[in-house]
Each structure stands twice: as structure tokens, then as C-alpha cells.
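Student: I would like to see how this sequence folds:
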Amino acid sequence: MPEAPNAVQELASDPTSRKKFLRMAGGTGVAASFAAFVAACGDDKSSSSSMSKTTPTSTPMASTSGTEQFGKGDLGIANYALTLEYLEAQFYSDAAESGMLKGKILELAKSFGANEQEHVDALVAMVKKAGGKPAPKPKAKFPLDSEKSILKLAATVENLGANAYLGQAGNIQDKEILAAALSIHSVEARHAAVLNLATKAPVSSGAFAKPATAAEVLKSVKPFLVS
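Tutor: Numbering: from 1, shown residues only. Alright, predicted model coming up:
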């Protein structure tokens, strides 16, 4: 039985779907990122024409995503992303209330935190729409000892978030979930760029971003989780 193409491959081979995706994800500005995803994930034109329409819960995964503990298929990936967004939203909320941030830095934390909360709300709605149950909000505690340490951790968190979405792009089967993931990925990447500048870290590590596996991401956030 031929392997079902993922959403990236279907979008690459179907002009109508590709145009719809670009509108959903914010226009042709995502074209470069989309091309990179296609190159990384492959373009299976021969199998896309025979693919039947399926729901996120029933679509087979092209490969193991590492997010199975959060649910099956795309719902597991969406809940994995939701868990990360919960942590990011809490981090910015705690940082803003820590008393360590002032002026423009405080406003930046509040702005980024509002973005992350919108991501939470969007992912919760998406999981429910797909007939799934949203992942529970994890308990977490972050070191918030100074403005400098908070900014450094924020940069680490945002870079990790961007790489996490990139790491799952090729595993996503549903086009709406892929469009949402790419849209959030671009925001995480912009947050990361701003924070890299603020912490004097390299804005870019090269011409192509490095994806992170679920195992790598979960290992990185584990120290902040409270049992």
C-alpha cells in the first residue's frame, strides 16, 4: 500500500490547495519557507492524486513524530505544540509580574506573552474542532532572577519554539493544521530574532533554520516542569 503524502507534499502538487494555503498562512511571504519544507519533505506527485480526504485523527503518519504521548497523528502534534505554547505564555506572564522588567523590556514581554496566549487559544480551538481533547496545562516554574537572565531564557525559549514547529512540519497531514503551524512558526522566529539582538546572540545560525525533534524539545523544557 503506497504511503499517504503529507500536507506539504499535497500542497506542493495541488495548485488549488497551494493558493488556499498561501492565503491562510499570510500570502506569498511564506513562499520561501514553504519551498524549504517541500525540499526537506519531498514531493510525491504520483500518490497525491489518489489520496482520499481524511480527518486529522485518522490520517496515517508518514513517520514517527515523537509526539505520540500527546495523541495520535496530527492531534498529537497539535497538543504537543499547545503544551509548548502553554509554557511560553506562562513564562512571559511570570516574567512580567516578576518585578525584574521595566520600561520597553516589560512592554515587550507583555506583547510577546499576548501573542503566545493567542497561540494557545487558537490551538485549543483547533484541537476541539478536530474532535480531540486539548492537552492539560502543565505546571512550570522559571528562574526569573534578573532582567538579563530573563531575556537570555526568553531567547532560548523562542528559538526552541521556532525549531520545534519546523521539526514537525513534515509530519503534519492536515492542511489547516500545517497552515496554523507555519503561521505560528514565523511569529516564534521573529520573537527569537528580536531577543537574539537584545541578548547580542547571533540573529541567524545560517541560511537555513535547524529543526528540533520532539525528544530534543521535551528534554530542554523538562527542567522547568513541576511534578
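
Student: those strands in the chain, which residues are they?
Tutor: Counting by DSSP state E, the chain has no strands at all.

Student: name the spans of it whose pLDDT lies under the cut-off.
Tutor: Within the chain, the ranges that satisfy pLDDT under 70 run 1-63.

Student: what do you get if the cut-off is 80, keeping everything else the same?
Tutor: 1-63, 204-205 (pLDDT under 80).

Student: for the lengthiest helix in it, buried residues please.
Tutor: What stands out as the longest helix in the chain, according to DSSP state H, is helix 103-129. Neighbour counts over helix 103-129 (16 or more other CB atoms under 10 Å) mark 105-106, 108-109, 112-113, 115-117, 119-120, 122-124, 126-127 as buried. For every residue, glycine as well, the C-beta is placed using N, CA and C.

Student: what's that helix packed up against?
Tutor: helix 73-97, helix 147-168, helix 175-198 (3 or more CB pairs under 8 Å, 6 or more residues apart in numbering; DSSP states H and E).

Student: out of the ones you listed, which gets nearest to Ala215?
Tutor: Closest approach to Ala215 among these is made by helix 147-168 (9.7 Å; CB to CB).

Student: returning to that earlier point: deepest of the helices and strands packed on helix 103-129, which one?
Tutor: Counting by mean count of other CB atoms under 10 Å, helix 73-97 has the highest mean neighbour count of these, with a mean of 24.

Student: next, the angle helix 175-198 makes with it.
Tutor: Interaxial angle, helix 73-97 versus helix 175-198 (axes from the mean of the first three to the mean of the last three CA atoms, to 10 degrees): 30 degrees.

Student: number the residues from 327 up from this point.
Tutor: Yes, from this point I'll number from 327; that puts the last item at helix 399-423.

Student: quick check: angle from helix 399-423 to helix 473-494?
Tutor: With the same axes, to 10 degrees as the basis, helix 399-423 and helix 473-494 are set at 170 degrees to each other.

Student: now for helix 399-423, which elements pack on it?
Tutor: Helix 399-423 sits against helix 429-455, helix 473-494, helix 501-524, helix 540-547, with contacts defined as 3+ CB pairs under 8 Å, 6+ apart.

Student: dump those helices into CSV; add distance to Lys467 as well.
Tutor: Putting these into CSV (distance: least, CB to CB, whole Å) gives the following:
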stretch, distance to Lys467
helix 429-455, 16
helix 473-494, 12
helix 501-524, 21
helix 540-547, 12
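
Student: out of the ones you listed, which gets nearest to Phe417?
Tutor: helix 473-494 (6.0 Å).

Student: follow-up on the earlier one: just send the helices and strands packed on helix 429-455 back as a markdown table, with distance to Val552 too.
Tutor: Formatted as a markdown table, those follow (distance: least, CB to CB, whole Å):
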| stretch | distance to Val552 |
| --- | --- |
| helix 399-423 | 11 |
| helix 473-494 | 16 |
| helix 501-524 | 24 |
